[in-house]
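[1] how would this look folded up:
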Amino acid sequence: MDAIRAVVVDPSVAGRLVIREVEAPTASRSEALVRVKAISLNRGEVRTASTAEAGWRPGWDFAGVVEQQATDGSGPPTGARVVGTLDNGAWAELLAVPTFRLAELPDAVSFAQAATLPIAGLTALWTLEHGGLLLDKRVLITGASGGVGHFACQLANHAGAYVVGVVRQSAYQDMVKAVGAHQVVVSDDASAARAFGPYDLILDSIGGRPLANVLTMLSQSGVCVNFGTTGSPEATIDIRQFFLKGGLSLYGFIIFYELARKPMSADLARLARMIAGGQLHPQIELEAPWTQIADAAQKLLDRRYRGKAVLHVVG
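    Numbering: from 1, shown residues only. Predicted structure coming up:
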């Protein structure tokens, strides 16, 4: 039986994440075999790995080269440079990937840049779509220095919005402003953002008190999209300040629900073209060989870097 190497959970070792031999994947008619060159980390999969059972295989984002095109003729051809995502198990040397989960890469986009895109980039793009046409609208983004926030600031600015970012440390102000935020406020509870509102669209990844506060900053018919609870899963709100404004909406966004509802290849390719054209700039804060997966994952949980961590799959 052929074997490949992949990242698996092993609770008996420090960091819980190790590289082990696993069974090589077999592709269905509508799946391509992809030789992985780079992977990126997201908080969700790393948190799950911290409590998962032995043998579980984490990993969502990857970039690499098509080693075998899908036999039904769909998707990128053999030899194409691609980026994609799986629900789990993407941190491996070789993957069988449904072709609707793949997008081809322009030559100007590196594997490292591409690996940052699927979860963070699509989350930023699709959450912003809830605001409709963003030209001359006000957009508030909490967690603006994180992976999704960094992309969202750039995309909202590119769409013509007036962008306000919220960070919790003053050290990140200049970075967030440099990528498209017109104003950056430093606040643990987002309350300081009120000075630049009200907002037509709010993207929140923190939950807790910040979410309760920003809900009161929406303009009439405004939309708040929540896609995370890095602060707290509980929020106490004065519901009168919400429904009495008129037409407000709170949307719960989870990327894997969205991926099941809409095709991703075209939008992923669109983001890659924006990188190639210099309109979108991934924030890679940590870059290392994938043998350092346990250390990189722990640093993410400890908030020792912002933006994205990219690991290269090497021999």
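[2] which residues does L218 contact?
    Under the criterion of Cβ atoms under 8 Å, 6 or more residues apart in numbering, the neighbours of L218 are 197-200, 202, 224, 245, 248. No exception for glycine: its C-beta is placed from N, CA and C like everyone else's.
[3] ChimeraX command for the buried members of the residues you listed?
    Applying 16 or more other Cβ atoms under 10 Å to the contacts of L218 leaves a buried subset, and the ChimeraX line that selects it is:
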select :197,199,200,202,224,245,248
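[4] Could you dump the contacts of L218 into JSON lines with secondary structure, distance to T78 and pLDDT added?
    Formatted as JSON lines, the entries for these read as follows, by DSSP: H, G, I helix; E, B strand; the rest coil; distance: Cβ to Cβ, whole Å; pLDDT from 0 to 100:
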{"residue": "G197", "secondary structure": "coil", "distance to T78": "51", "pLDDT": "95"}
{"residue": "P198", "secondary structure": "coil", "distance to T78": "52", "pLDDT": "98"}
{"residue": "Y199", "secondary structure": "strand", "distance to T78": "47", "pLDDT": "98"}
{"residue": "D200", "secondary structure": "strand", "distance to T78": "46", "pLDDT": "98"}
{"residue": "I202", "secondary structure": "strand", "distance to T78": "44", "pLDDT": "98"}
{"residue": "C224", "secondary structure": "strand", "distance to T78": "45", "pLDDT": "98"}
{"residue": "K245", "secondary structure": "coil", "distance to T78": "55", "pLDDT": "90"}
{"residue": "L248", "secondary structure": "coil", "distance to T78": "50", "pLDDT": "96"}
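[5] any idea which of the contacts of L218 is closest to I255?
    Closest to I255 out of these is C224 (17.2 Å), distances taken as Cβ to Cβ.
[6] hey, what's the closest residue to the closest one other than its chain neighbours bridged with?
    Counting by Cβ to Cβ, 6 or more residues apart in numbering, I202 is the residue found nearest to C224 once chain neighbours are left out, at 4.3 Å. Bridge pairing for I202 (DSSP bridges) gives the partners L140, C224.
[7] Next, count neighbours for V22.
    18 (other Cβ atoms under 10 Å).
[8] Just list whatever residues bridge to it.
    When V22 is checked against DSSP bridges, its beta-bridge partners turn out to be I4.
[9] Distance from the chain centre to the helix or strand bottoming out on mean pLDDT in the chain, please.
    Among the secondary structure pieces of the chain, namely its helices and strands, helix 239-243 has the lowest mean (mean pLDDT, DSSP states H and E), a mean of 90. Between the mean C-alpha location of helix 239-243 and the chain-wide mean there is a distance of 30 Å, by Cα atoms, centre = their mean, to the nearest Å.
[10] Buried residues in it, which are they?
    In helix 239-243, residues buried by neighbour count (16+ other Cβ under 10 Å) are F242.
[11] residues making contact with it?
    Among residues not part of helix 239-243, those counted as contacts by Cβ under 8 Å, 6+ apart are 215-216, 248, 250.
[12] Reformat those as TSV; add distance to V22 and secondary structure.
    Written out in TSV, the entries for the contacts of helix 239-243 read as follows (distance: Cβ to Cβ, whole Å; DSSP: H, G, I helix; E, B strand; the rest coil):
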residue	distance to V22	secondary structure
L215	45	helix
T216	49	coil
L248	48	coil
L250	41	strand
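[13] Buried subset of those residues as a ChimeraX selection?
    To isolate the buried ones among the contacts of helix 239-243 in ChimeraX, judged by 16+ other Cβ under 10 Å, type:
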select :215,216,248,250
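[14] of the contacts of helix 239-243, closest to K137?
    The shortest separation between K137 and any of these is 14.9 Å, and it belongs to L248 (by Cβ to Cβ).
[15] Correct me if wrong: that closest one contacts M217.
    No: with contact defined as Cβ atoms under 8 Å, L248 and M217 do not form a contacting pair (10.6 Å).
[16] rewinding a little: look up how far A3 lies from the residue nearest to C224.
    48 Å (Cβ to Cβ, to the nearest Å).
[17] what's the answer for L300, then?
    Relative to A3, and taking Cβ to Cβ, L300 is found at 28 Å.
[18] which residues touch S249?
    Taking Cβ under 8 Å, 6+ apart as the definition of contact, the neighbours of S249 are 130, 222-224.
[19] Good, we can wrap up now.
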